[in-house]
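A.B. asks: What follows is a predicted protein model with its sequence.
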Amino acid sequence: MRPSRKKGGDILALEAIKSIQYAEKQAADIISKASSQSKDILKKAETYAAVKYKKILDEAREGNKKIIENAKQEGTKKSEPINNMGKIEVERILNIEKERLDSAVNIVVERIVKNNGNS
């Protein structure tokens with residue numbers, strides 16, 4: 001009976017080895033799938049991050065544009081009274097120059113008339 005036991009033991013040992021080999025293959029498959037999935041997840045995460053980053057930059061740029069536009073409008077609004085006062089001052093100065101010119105013309109005309117007599 002010894003030889004039959006050996007054969008039975010050999011069969012059990014072979015089955016154990018096959019079982020271990022099968023488990024190792026399954027483990028290798030699981031590791032391979034996990035590695036592939038982790039690469040896919042990483043690629044998706046990078047794509048998502050790039051899209052989010054671009055969106056954030058676009059929103060920031062748009063926000064900057066609005067801030068600049070608001071600042072320009074506020075500056076224009078605040079400078080209006082100063083511009084209006086400047087225009088009034090320019091008109092006043094131009095009127096003074098016109099009055100002086102008219103006065104100078106009158107003086108020249110009077111001298112010409114006095115020098116030439118009663119023309």
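C.D. replies: That came through, no problem. Residues are numbered from 1 along each chain as shown.
A.B. asks: State the distance from the residue nearest the centre of the chain to Lys55.
C.D. replies: The centroid of the chain falls nearest to Arg61 when counting by CA atoms, centre = their mean (3.0 Å). Distance check for Arg61 against Lys55: by CB to CB, to the nearest Å, it reads 11 Å. (Each C-beta comes from the backbone N, C-alpha and C, glycine too.)
A.B. asks: Low-confidence bits of the protein, can you list those?
C.D. replies: For the chain, residues meeting the criterion pLDDT under 70 lie at 1-8, 117-119.
A.B. asks: in it, which spans are helices?
C.D. replies: All helices of the chain, identified by DSSP state H, fall at 2-116.
A.B. asks: count of residues packed around Lys53?
C.D. replies: Quick fix: residue 53 reads Tyr, not Lys. Tyr53 has 10 neighbours, counted by other CB atoms under 10 Å.
A.B. asks: Please tell me how far it sits from Leu14.
C.D. replies: 58 Å.
A.B. asks: mind checking how far the residue nearest to the centre of the chain is from Ile88?
C.D. replies: 41 Å.
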